[in-house]
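> I'd like to go over a predicted model; first the sequence, then the structure.
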Amino acid sequence: MRILVTGRNGQVAQALQRSLAPLGELSVLGSEQLDLQDVDAIRRQVRVLRPALIVNAAAHTAVDLAQSEPDKAFAINATAPGVLAEEASALGAALIHYSTDYVFDGSKPAPYLESDVPNPLGVYGQSKLAGERAIQAVGGEHLILRTSWVYSTQGRNFLLTMQKLLAERDELKVVDDQIGAPTWADSIAEATAALVRRWQAGTPGAWGLYHFSAGGETSWFGFAQAIAAHLATQNRLRARLLPIPSSDYPTPAPRPLNSRLDCTRLQREWGVSLPDWRAALAQCLADSPT
């Protein structure tokens with residue numbers, strides 16, 4: 001089976017290359033091979049490769065930068081997924097696309113369900129929501145997987161930033177009133193592979209929109225504490241951690257205070273769930289060369 005994966009150099013795409021390799025013939029394209037701002041190029045590439053499955057792991061993920069370049073964010077996060085959905089439908093192929101907790105405003109006191117009405121706070125969330133709706137408008141066999149707080153040992157993410165700053169600074173202030181589930185890119189990739197295997201076996205669950213994040217919940221401060229605890233075991237911890245409210249750390253794009261996603265529908269329909277965030281972080285750090 002031919003599988004097209006976009007976002008070659010991203011955290012999720014790098015993990016997908018390992019998890020999906022046993023399941024088919026992979027074509028993994030980055031921005032150098034496929035400009036997702038070029039609709040014609042997307043159509044040409046898909047028609048040449050003729051994949052049975054497209055996994056769109058590419059996105060404009062710079063949340064604050066998106067505020068100042070909305071056209072680029074919408075081209076990559078909204079228009080491109082819709083075009084991929086159209087081309088997948090024309091080929092009779094399936095599409096797996098990743099979305100985000102940022103489609104919600106965070107005002108709900110409980111974890112979000114797939115049926116809850118989105119209300120994104122910034123351009124990034126707005127563009128990702130538009131991408132979801134573009135795919136849904138096409139229909140066909142697709143999975144839209146909303147995840148949250150993605151990290152890995154590669155690229156730029158909270159884990160790597162904290163590891164660096166906690167080892168260098170005397171004091172570090174981290175937001176404590178935003179709650180969600182840190183989700184390891186490898187967990188995303190392994191769960192995606194489980195979904196693909198279920199589909200390949202001819203027993204897929206219902207296609208559509210699912211929440212797809214790690215189990216459990218914490219704050220960014222709690223996530224930082226867990227990272228600090230690991231550094232302490234290696235005698236690399238220097239900084240003292242201090243919790244602060246979001247109001248003390250203003251950003252160009254506001255963040256939802258509640259990013260918790262209820263993922264029970266995925267388990268019910270597909271028999272797939274992601275590990276608890278603490279277990280995944282422990283595995284990630286155990287696997288890390290540093």
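Arrived safely, thanks for sending. Being a predicted model, the structure only gives us computed values, none of them experimental. Numbering: from 1, shown residues only.

> so where do the helices sit in the stretch 101-250 of the chain?
Shown for the stretch 101-250 of the chain, the helices assigned by DSSP state H, counting those that start in this stretch span residues 123-138, 158-168, 185-200, 220-233.

> may I see those helices organised as a markdown table, with mean pLDDT and distance to R8 added?
C-beta: built from backbone N, CA, C; applies to glycine. Shown next, in a markdown table, are the helices of the stretch 101-250 of the chain (pLDDT from 0 to 100; distance: least, C-beta to C-beta, whole Å):
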| stretch | mean pLDDT | distance to R8 |
| --- | --- | --- |
| helix 123-138 | 98 | 19 |
| helix 158-168 | 96 | 19 |
| helix 185-200 | 98 | 13 |
| helix 220-233 | 97 | 27 |
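
> mean neighbour count and distance to V103 added to the ones you listed, as JSON lines?
Conversion of these to JSON lines gives the following (neighbours: other C-beta atoms under 10 Å; distance: least, C-beta to C-beta, whole Å):
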{"stretch": "helix 123-138", "mean neighbour count": "22", "distance to V103": "4"}
{"stretch": "helix 158-168", "mean neighbour count": "17", "distance to V103": "20"}
{"stretch": "helix 185-200", "mean neighbour count": "21", "distance to V103": "17"}
{"stretch": "helix 220-233", "mean neighbour count": "18", "distance to V103": "19"}
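
> turn the ones you listed into JSON lines, columns for distance to L261.
Formatted as JSON lines, these follow (distance: least, C-beta to C-beta, whole Å):
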{"stretch": "helix 123-138", "distance to L261": "14"}
{"stretch": "helix 158-168", "distance to L261": "17"}
{"stretch": "helix 185-200", "distance to L261": "13"}
{"stretch": "helix 220-233", "distance to L261": "16"}
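
> check contacts around the spatially closest residue to D177 that is not a sequence neighbour.
If the residues on either side of it in the chain are set aside, D177 comes closest to P245, at 5.1 Å by C-beta to C-beta, 6 or more residues apart in numbering. Listed by C-beta atoms under 8 Å, 6 or more residues apart in numbering, the contact partners of P245 are 175-177.

> count of residues packed around the residue nearest to S288 when sequence neighbours are not counted?
Spatially, and ignoring its direct neighbours in sequence, S288 is nearest to T153 (4.8 Å; C-beta to C-beta, 6+ apart). Residue crowding around T153 was assessed by other C-beta atoms under 10 Å; the count is 19.

> ok, T153 touching D287?
Yes - using C-beta atoms under 8 Å, T153 is in contact with D287, at 7.4 Å.

> which ones among the contacts of P245 are found in strands?
Among the contacts of P245, the members falling in strands are V175 (criterion: DSSP state E).

> can you tell me the number of residues neighbouring Q17?
Based on other C-beta under 10 Å, the number of other residues close to Q17 is 15.

> isn't it right up against V28?
Yes - counting by C-beta under 8 Å, Q17 touches V28, with 5.7 Å between them.

> what residues are shared contacts of the two?
Common neighbours of Q17 and V28 are listed as V5 (criterion: C-beta under 8 Å, 6+ apart).
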